[in-house]
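Peer 1: Here is a sequence with its predicted model. Questions after.
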Amino acid sequence: MRAVFAFFAGSLFGIGLLISGMTDTTKVQGWLDVFGNWDPTLAFVMGGAILPMLVAWQLTRNRAPLVGGQFPAPPRVELDRRLIVGSVLFGVGWGLAGLCPGPAMASLGYGGVGGVIFLIAMIAGMFAAPKLGAQLDRMANAA
């Protein structure tokens, strides 16, 4: 049953990304071009994601999922060097490629070569990140 819910949620998310234009790299890059041909429509997409999640966090307090297990705890708000470096790298990659992980996966559904290249680079980055993080920690501790 859990796999059915996961498939439904993932499909709904992917369809939402396609309909909202989040898989269109020019729309994302237009959002980031605040001093040029700025496209504000992404703000509505972000609000459409953030507001329901805010409500969902409130509704899941002291409840259990229908399919078992438990809901994840809200993330800790802790600004550290790893979060800041990761956020900067994510933002640079998002701005250059116009994709982030969710839309990259959704864009695979219609055969975009750019999405495949991005996905390969993203997977390589996922494998490199722990090693880079450990190296940064060693450098910080040595200083």
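Peer 2: Done, it's in.
Peer 1: neighbours of A104, just the number please.
Peer 2: 24 (other C-beta atoms under 10 Å). For the C-beta atoms, the positions are set from N, CA and C on the backbone; glycine is no exception.
Peer 1: Next up, the contacts around it.
Peer 2: G115, F118, L119, M122 (C-beta atoms under 8 Å, 6 or more residues apart in numbering).
Peer 1: ok, the residues you listed vs F71, which is closest?
Peer 2: M122 (26.6 Å; C-beta to C-beta).
Peer 1: Quick check: which element contains that closest one?
Peer 2: Secondary structure assignment for M122, by DSSP states H and E: helix 113-142.
Peer 1: What helices and strands are in contact with that helix?
Peer 2: helix 81-97, helix 101-107 (3 or more C-beta pairs under 8 Å, 6 or more residues apart in numbering; DSSP states H and E).
Peer 1: Can you list the buried residues in the first one?
Peer 2: Across helix 81-97, burial judged by 16 or more other C-beta atoms under 10 Å covers G93, W94, A97.
Peer 1: Stretch 14-30 now?
Peer 2: 14, 17-18, 20-25, 27-30.
Peer 1: what's the closest of those to V4?
Peer 2: The closest of the buried residues of stretch 14-30, once distances to V4 are taken by C-beta to C-beta, is G14, at 15.8 Å.
Peer 1: is it true that that closest one touches M105?
Peer 2: Yes - G14 lies in contact with M105 (C-beta atoms under 8 Å); the separation is 7.1 Å.
Peer 1: residues contacting G47?
Peer 2: Per C-beta under 8 Å, 6+ apart, neighbours of G47: none.
Peer 1: what does A124 give?
Peer 2: So A124 contacts nothing (C-beta under 8 Å, 6+ apart).
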